[in-house]
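sequence plus the predicted model coming up.
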Amino acid sequence: MLAVSDDVPLLDDLMPWSVAALRLGRDWVVAPDERTLRSRWDLLVRSEGAERERLFGPTRSRTLRTSVAALPGRTGGTGPFAQERGPCPAPVRIRCGPFDEQWLIADQRLIDAARPELWRVADEQQLFVVEQGYVPKDAGPALTVSAVLPDGRSPAGRPGRIRPLYRRPGGREPNLAPGLLPFLTKAYGCEVTPHDVLAWAAAAARPSAAGCVVPLPRDPQLWPTGVELGRRMGALMVRGARGGEKPRLPGGRRPYVRAALPARPHELRYDAENETLHVGDGGRISPVPSRAWEFEVCGVRILDLWFQRRTEAAEPGTPGAVGPAAWPQEWTSDLLELITVLALLGELRAQQAELTDAITEPVTRGELRAAGVLPVPDGARHPASVLDHHEEGPGGQFALI
């Protein structure tokens, strides 16, 4: 097995433009269902004065008197929220942590740091790579791939870096070190695309204290093997987005609800012998493969984390306390899909281990420097200028281009 050294390329060397995790400032702007967000918004706009301020939860970055630009590609208020009386902006699907998809009120007045540079390049051609936090001896994935905008948060509490595959909308200008694609194409004797590099990273990346390590094979025969494995992993992580098929386990192994889930379940238990997930008192889902139940990222069990985010009690009298009166059917559908994704990813771990063991002498940073791929120019580490249309600035004024 390859030992990580300082001369093995990092993801930061290969995909140089990265953005910090979103900083929400108030957790209530995210929820597992759209109806909850609309109810929370209505609670705020019906309130007045000191009560609205208490519910809003002002921070140094955002208060009721803050005026900010609308998020790129979104229509929303830009004046002080103290004056807001309108309906809730359409919630947007986002990735919360490594595998949980929820909804966000996409109003920059409510979000301390929404990272507008990510919103400018988020479209139907974009994919986002998120580095997971480093936890020693963690067997979980070093990075995840998302088709929807990710918040970049890590289960271990260490925010990762978000790396779009493309620097411009429409799948233009890959976020790769200049010269990397020609170097790899020559090394492996086949045309290498940006999606190939992403797929290889998904399959071969490993966490380290220095960052996400991505060893590039010296053996050309390993490259297509790793790319194919990474494509399968990426397709599972994006759950059928970008024209793919929804993940499905083979017939007879697909999880089903065997007993209805209670209105307000308070615990999640797993029966390994019967491959059954018990949801609260009486709710049962099976079969649930053990590899789905045991799937962890940064030492945190993903199914436990998913359930906790939907059942953890919020402080009474706050917007976060507003939620469904009973467990929604859509949450059950999301849970069945998550079980399927984790089970199928778990099946691929053995192939990942074989790939890692086969990379005994990776391409070094020194070789990338000699080829002119490294060091990466400073400009490649910053957002591209993508303002080809007017964006609404604070107070409804158009932003200057």
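It's in. As the structure is a prediction and not an experimental result, all values here were calculated from the model.

which residues does residue 381 contact?
Taking C-beta atoms under 8 Å, 6 or more residues apart in numbering, we find residue 381 in contact with 16-18. Just so you know, the C-beta spots here come from the backbone N, C-alpha and C atoms, and that holds for glycine as well.

do residue 246 as well
By C-beta under 8 Å, 6+ apart, the contact list for residue 246 reads 239-240, 337.

ok, those residues vs residue 228, which is closest?
Nearest to residue 228 among these is residue 240, at 18.2 Å by C-beta to C-beta.

kindly confirm my reading that the closest one is in a strand.
No. Assignment of residue 240 by DSSP: H, G, I helix; E, B strand; the rest coil gives coil, placing it outside any strand.

check contacts around it.
Residues near residue 240 by C-beta under 8 Å, 6+ apart: 246-247.

please repeat the previous calculation with a cut-off of 6 Å.
residue 246 (C-beta atoms under 6 Å, 6 or more residues apart in numbering).

and residue 66, helix, strand or coil?
Classification of residue 66 using three-state DSSP returns coil.

and it, how many neighbours?
Using other C-beta atoms under 10 Å, residue 66 is surrounded by 18 other residues.

what's the answer for the one 10 residues further on, then?
Number of residues near residue 76 (other C-beta under 10 Å) recorded here: 20.

ok, it to residue 186 distance?
Distance, residue 76 to residue 186, by C-beta to C-beta, to the nearest Å: 47 Å.

can I assume residue 10 is in contact with residue 209?
No. Judged on C-beta atoms under 6 Å, residue 10 makes no contact with residue 209 at a distance of 11.3 Å.

more neighbours: which of those two?
residue 10 (17 against 7).

just grab the bridge partners of that one for me.
With DSSP bridges as the criterion, residue 10 is bridged to residue 213.

can you check residue 104 too?
Beta-bridge partners, per DSSP bridges, of residue 104: residue 30, residue 92.

show the contacting residues for it.
30, 92, 94.

surely the second one is in contact with residue 106?
Yes. Applying C-beta under 6 Å, one finds residue 92 in contact with residue 106, separated by 4.4 Å.

can I get the buried part of the contacts of residue 381 as one ChimeraX selection?
A single ChimeraX command is used to select the members of the contacts of residue 381 judged buried by 16 or more other C-beta atoms under 10 Å:
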select :16,17,18
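
return stretch 298-310 as PDB; C-alpha atoms alone will do.
Output in PDB follows, covering the C-alpha atoms of stretch 298-310 (Å, rounded to 0.1, in the frame of the first residue of the first chain):
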ATOM      1  CA  CYS A 298     -15.300  11.500   9.500                       C
ATOM      2  CA  GLY A 299     -16.200   8.900  12.100                       C
ATOM      3  CA  VAL A 300     -19.900   9.800  12.100                       C
ATOM      4  CA  ARG A 301     -22.600   7.300  11.100                       C
ATOM      5  CA  ILE A 302     -24.500   8.900   8.200                       C
ATOM      6  CA  LEU A 303     -27.900   7.400   8.900                       C
ATOM      7  CA  ASP A 304     -27.700   8.500  12.500                       C
ATOM      8  CA  LEU A 305     -26.800  12.000  11.400                       C
ATOM      9  CA  TRP A 306     -29.600  12.100   8.800                       C
ATOM     10  CA  PHE A 307     -32.200  11.100  11.400                       C
ATOM     11  CA  GLN A 308     -30.800  13.400  14.100                       C
ATOM     12  CA  ARG A 309     -31.200  16.400  11.800                       C
ATOM     13  CA  ARG A 310     -34.900  15.600  11.400                       C
END
